[in-house]
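1. Sharing a model prediction with you, sequence too.
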Amino acid sequence: MVITLINGVLLTLMAVVTIGIVRVRNLFAVVILGSIYSFLMASIFMVMDAVDVAMTEASVGAGISTVLMLAALYLTKTEEAPPVHSVALPLFVALVTGAALIYGTLDLPPFGTADTVMHTHLGAKFLADSIPDTTVPNVVTSILADYRGFDTLGETTVIFTAGIGVLMIFKGRSKRRPETESNKSDAA
Amino acid sequence: MIAGMEGLLTHYTYIVTIFLMVSGLFVVIARGNMVKKLVGLGCFQTSVYLLYIGPAKILGGTAPILAPEYSVYSNPLPHVLILTAIVVGVATLALGLALTVRINEAYGTIEEDEIFARDMVEHANSEESAS
């Protein structure tokens, strides 16, 4: 009961922060609200027993993401232009999507029930096999590094690809810099 | 009516998850600023994390670290999937921000409408010079 209450308060706070993200136009404020959003999300993960996910979300979601966003703001602009288009169509799309998704969640089991398919089949198997198979008491670690090791290898590949992508985007910049400057001096 | 209220309480996690998801979608479609769009995309992504972690929780259970004092644990498999998703999410965010910075250098703006307007002008100019 206490957990449901804490959970409810945190979720309500998240909804409030999200309304702030949608409405505020100063991008610096939006990025900081995004950081608060990530910290609240990490707290919710903590309440929901996902301690490893909470740690990762707090360090990556609230830490690195915010630093990257602030760096990008430093290199660009910190004020969003007032909207020129009507928001009627996006609002309609969002509301229809939301209604369809809410309809979809009606069939999901109530929060916190133990006798659902996901808990009785694969989850129970991992919990029972982790110690005999891998001798690791933290089941999340044993699944991440052992049972689903190839998945983690794929994740590393994605990060590697993204890193190469960022490097190539900025490499093109350093080459084009003198070109644009010479164009400017030609125009002058 | 009582059943409706109870349903609201037991499904509150899902309802807030959907709200976060829809807000993220709305920001991505309706706002023209690229940094704002990326923050909205982050909202959308994070709500998917919540959609996975929510059903994994068992009331009265504990974190899936095996110890003789406990017998009920929350489901560890969604946690693993979402750990992967978080790291992939920050990789896509870094790529998106790099593109935003690059666009700002080329166009001097990160507003979608101004970029389209400049493209239209340049297109018209090139057609004029061709004819």
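-> Looks like it arrived, so ask away.

2. so who does A:Thr56 touch?
-> B:83, B:86-87 (Cβ atoms under 8 Å, 6 or more residues apart in numbering or on different chains). Bear in mind the C-beta positions are built from the backbone N, C-alpha and C, glycine included.

3. Quickly name whichever of those residues is closest to B:Gly32.
-> B:Ile86 (27.5 Å; Cβ to Cβ).

4. and chain A, which of the contacts of A:Thr56 reach it?
-> When Cβ under 8 Å from any Cβ of the partner chain is applied, the members of these adjacent to chain A are B:83, B:86-87.

5. which residues are contacting the helix or strand harbouring B:Asn125?
-> Per DSSP states H and E, B:Asn125 falls inside helix B:112-130. Residues outside helix B:112-130 that contact it (Cβ under 8 Å, 6+ apart): A:81, A:84-85, B:32-34, B:103, B:107, B:109.

6. Keeping just the C-alphas, turn that helix into PDB.
-> Output of helix B:112-130 as PDB, limited to C-alpha atoms (Å, rounded to 0.1, in the frame of the first residue of the first chain):
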ATOM      1  CA  GLU B 112      12.500  23.900 -38.600                       C
ATOM      2  CA  ASP B 113      10.400  26.600 -40.300                       C
ATOM      3  CA  GLU B 114      13.300  29.000 -40.800                       C
ATOM      4  CA  ILE B 115      15.400  26.200 -42.300                       C
ATOM      5  CA  PHE B 116      12.600  25.300 -44.700                       C
ATOM      6  CA  ALA B 117      12.200  29.000 -45.600                       C
ATOM      7  CA  ARG B 118      15.900  29.300 -46.400                       C
ATOM      8  CA  ASP B 119      15.900  26.100 -48.500                       C
ATOM      9  CA  MET B 120      12.900  27.500 -50.500                       C
ATOM     10  CA  VAL B 121      14.800  30.800 -51.100                       C
ATOM     11  CA  GLU B 122      18.000  29.000 -52.200                       C
ATOM     12  CA  HIS B 123      16.000  26.700 -54.500                       C
ATOM     13  CA  ALA B 124      14.200  29.700 -56.100                       C
ATOM     14  CA  ASN B 125      17.600  31.500 -56.600                       C
ATOM     15  CA  SER B 126      19.200  28.400 -58.200                       C
ATOM     16  CA  GLU B 127      16.300  28.000 -60.600                       C
ATOM     17  CA  GLU B 128      16.500  31.700 -61.500                       C
ATOM     18  CA  SER B 129      20.200  31.500 -62.200                       C
ATOM     19  CA  ALA B 130      19.700  28.400 -64.300                       C
END
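
7. Buried residues, that helix. List them.
-> B:112, B:115 (16 or more other Cβ atoms under 10 Å in any protein chain shown).

8. what does stretch A:4-23 give?
-> For stretch A:4-23, by 16+ other Cβ under 10 Å, it's A:4, A:7, A:10-11, A:13-14, A:17-18, A:21-22.

9. Let me have the residues you listed in JSON lines, extended by secondary structure.
-> Formatted as JSON lines, the buried residues of stretch A:4-23 follow (DSSP: H, G, I helix; E, B strand; the rest coil):
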{"residue": "A:Thr4", "secondary structure": "helix"}
{"residue": "A:Asn7", "secondary structure": "helix"}
{"residue": "A:Leu10", "secondary structure": "helix"}
{"residue": "A:Leu11", "secondary structure": "helix"}
{"residue": "A:Leu13", "secondary structure": "helix"}
{"residue": "A:Met14", "secondary structure": "helix"}
{"residue": "A:Val17", "secondary structure": "helix"}
{"residue": "A:Thr18", "secondary structure": "helix"}
{"residue": "A:Ile21", "secondary structure": "helix"}
{"residue": "A:Val22", "secondary structure": "helix"}
